[in-house]
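Engineer: Fold the following.
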Amino acid sequence: MDRFIGSGYLKKLNSGQVAWQSPSNIALVKYWGKYGDQLPMNASVSFTLNKSHTKTILSYEQKKTRNFKFEVFLNGKREHTFEPKIQNFFERVARYIPFLKEYDYKIETSNSFPHSSGIASSASGMSALALGLVEMESRMGSSYPDPFFKEKASFLARLGSGSACRSIEGPLVVWGEHPEIKDSSNLFGIKFPYEVHEVFLSYQDCILLVDKGEKQVSSTVGHQLMHDHPFAAQRFGQAQENLSKLVPILKNGEIKEFIKIVESEALSLHAMMLTSMPYFILMKPNTLEIINRIWEYRNNSNSNICFTLDAGANVHLLYPYSESKEVLEFVNSKLAQFCKNGEFILDGVGMGASKI
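Structural biologist: Numbers count the residues shown, from 1 in each chain. Have a look, this model is predicted:
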């Protein structure tokens, strides 16, 4: 990890700003359970999304006092509730960004999806902020080649939100050590290093917004409950095995086998919540209604739609681009009624973060 400690700054920055746009992502093989400094107990792989993103402008001004000072704005309004998480993030990354305490910061962020829509903005927000900090280092004269620039940004993002390390690149990103994934690491996400069938390069994700409220149990607490979980070891092994199975499936375009793994992973994630102590349920009745209707539609139409879930009630409806028209009709006629205010977001696979 020492290689991520910034050094060799050739010049000081007085003031300025950097701006990045970074997407959210949806895991196909899930990670649930971590150790140490935001390190995963098993490897995961995710689709990077395209339209669901966060734009972050990081303004900086040199100062004399050495302490963290920053303000966070969401859509132009001061957002004090975000600041404890940013404080925690700064404390974690300060070792790797030695100049961090030498500046005052204004963090202006906005999401392409509605705030409190039920889509986690931590992955997109933290990755955009991490990219801004690494760009500041580059402006100070740290000559980072492109692969290392993204590695360090992913490494820093992980310290703010584990899944944020998977939002730097796309279309598929692996995070966590896996014996069959070349160069995989617990420290940062890497672009999936093997051949991917064209059908998965344009995959679509319709995010069905079942619940827009705050989760009753946070992901941080949920991860902690895996430490003494009676099925933790089996779950970690299952995830590693499913990722092994997914490698040839992604290459060959075997959608039916893809569906089996992706849906099993989603249900296994929530099974860990149901069987932890204390136990909890993040799915809602409408989550289950949507899942059952997806299964019914697939059985009756031979469609290739499937679902996955994050740590929440919303349903990600995944499907090949070629089925977009039929799936949209299905969503409007059969699923939207189970979404909060009938809301859903049409998204698809993207290529990662970009400088603004």
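
Engineer: care to break this protein down by domain?
Structural biologist: 2-196, 199-348 (automatic domain parsing).

Engineer: to the chain's geometric centre, what's the distance from the first one?
Structural biologist: Relative to its parent chain, domain 2-196 has a centroid offset of 11 Å by CA atoms, centre = their mean, to the nearest Å.

Engineer: So for that domain, mean pLDDT?
Structural biologist: Averaging pLDDT along domain 2-196 yields 94.

Engineer: Can you give me the end-to-end span of it?
Structural biologist: For domain 2-196, the first-to-last residue distance is 33 Å (CA to CA, to the nearest Å).

Engineer: ranges for the helices of the stretch 51-200 of the chain?
Structural biologist: Along the stretch 51-200 of the chain, counting by DSSP state H, counting those that start in this stretch, helices occupy 83-93, 122-139, 146-160, 198-201.

Engineer: Buried deepest among those, which one?
Structural biologist: Comparing those by mean neighbour count (mean count of other CB atoms under 10 Å), helix 122-139 comes out on top with a mean of 26. All C-beta atoms are positioned from the backbone trio N, CA, C, and that covers glycine.

Engineer: Against which helices or strands is that one packed?
Structural biologist: Under the contact criterion of 3 or more CB pairs under 8 Å, 6 or more residues apart in numbering; DSSP states H and E, helix 122-139 touches strand 15-29, strand 44-62, helix 83-93, strand 103-111, helix 146-160.

Engineer: That helix vs strand 44-62, what angle?
Structural biologist: 50 degrees (axes from the mean of the first three to the mean of the last three CA atoms, to 10 degrees).

Engineer: which residues touch residue 267?
Structural biologist: residue 309 (CB atoms under 8 Å, 6 or more residues apart in numbering).

Engineer: Now with 10 Å, please.
Structural biologist: Neighbouring residues of residue 267 by CB atoms under 10 Å, 6 or more residues apart in numbering: 274, 283, 291, 307, 308, 309.

Engineer: next one: residue 180
Structural biologist: Here residue 180 is in contact with 43, 194, 240, 243, 244, 247 (CB under 10 Å, 6+ apart).

Engineer: To residue 210, which of the helices of the stretch 51-200 of the chain lies closest?
Structural biologist: helix 122-139 (19.2 Å; CB to CB).

Engineer: Output the closest one in CSV with nothing but the alpha carbons.
Structural biologist: What follows is helix 122-139, C-alpha atoms only, in CSV (Å, rounded to 0.1, in the frame of the first residue of the first chain):
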residue,chain,number,x,y,z
SER,A,122,-21.9,6.6,-2.2
ALA,A,123,-20.2,4.6,-5.0
SER,A,124,-20.5,7.4,-7.6
GLY,A,125,-19.9,10.2,-5.2
MET,A,126,-16.8,8.8,-3.5
SER,A,127,-15.2,7.7,-6.7
ALA,A,128,-15.7,11.2,-8.3
LEU,A,129,-14.2,12.8,-5.2
ALA,A,130,-11.2,10.4,-5.2
LEU,A,131,-10.6,11.1,-8.9
GLY,A,132,-10.5,14.8,-8.1
LEU,A,133,-7.9,14.3,-5.3
VAL,A,134,-5.7,12.3,-7.6
GLU,A,135,-6.0,14.9,-10.3
MET,A,136,-4.8,17.5,-7.8
GLU,A,137,-1.7,15.4,-7.2
SER,A,138,-1.1,15.3,-11.0
ARG,A,139,-1.3,19.0,-11.1
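
Engineer: Taking strand 103-111 as reference, get the angle to it.
Structural biologist: Going by the same axes, to 10 degrees, helix 122-139 makes 140 degrees with strand 103-111.

Engineer: what separates stretch 305-313 from the chain centre, distance-wise?
Structural biologist: 13 Å.

Engineer: do stretch 328-347 as well
Structural biologist: 23 Å.

Engineer: when you give positions from now on, start the count at 15
Structural biologist: All set: I'll call the first residue 15, so the last point we hit is now stretch 342-361.

Engineer: List the buried residues in it.
Structural biologist: 344, 345, 349, 350, 352, 353, 354, 358, 359, 360, 361 (16 or more other CB atoms under 10 Å).

Engineer: ditto for stretch 82-102
Structural biologist: Quick answer for stretch 82-102 (16+ other CB under 10 Å): 82, 84, 85, 86, 88, 93, 96, 100.

Engineer: CSV for those residues, including distance to residue 117?
Structural biologist: Shown next, in CSV, are the buried residues of stretch 82-102 (distance: CB to CB, whole Å):
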residue, distance to residue 117
82, 10
84, 9
85, 12
86, 15
88, 21
93, 20
96, 18
100, 14
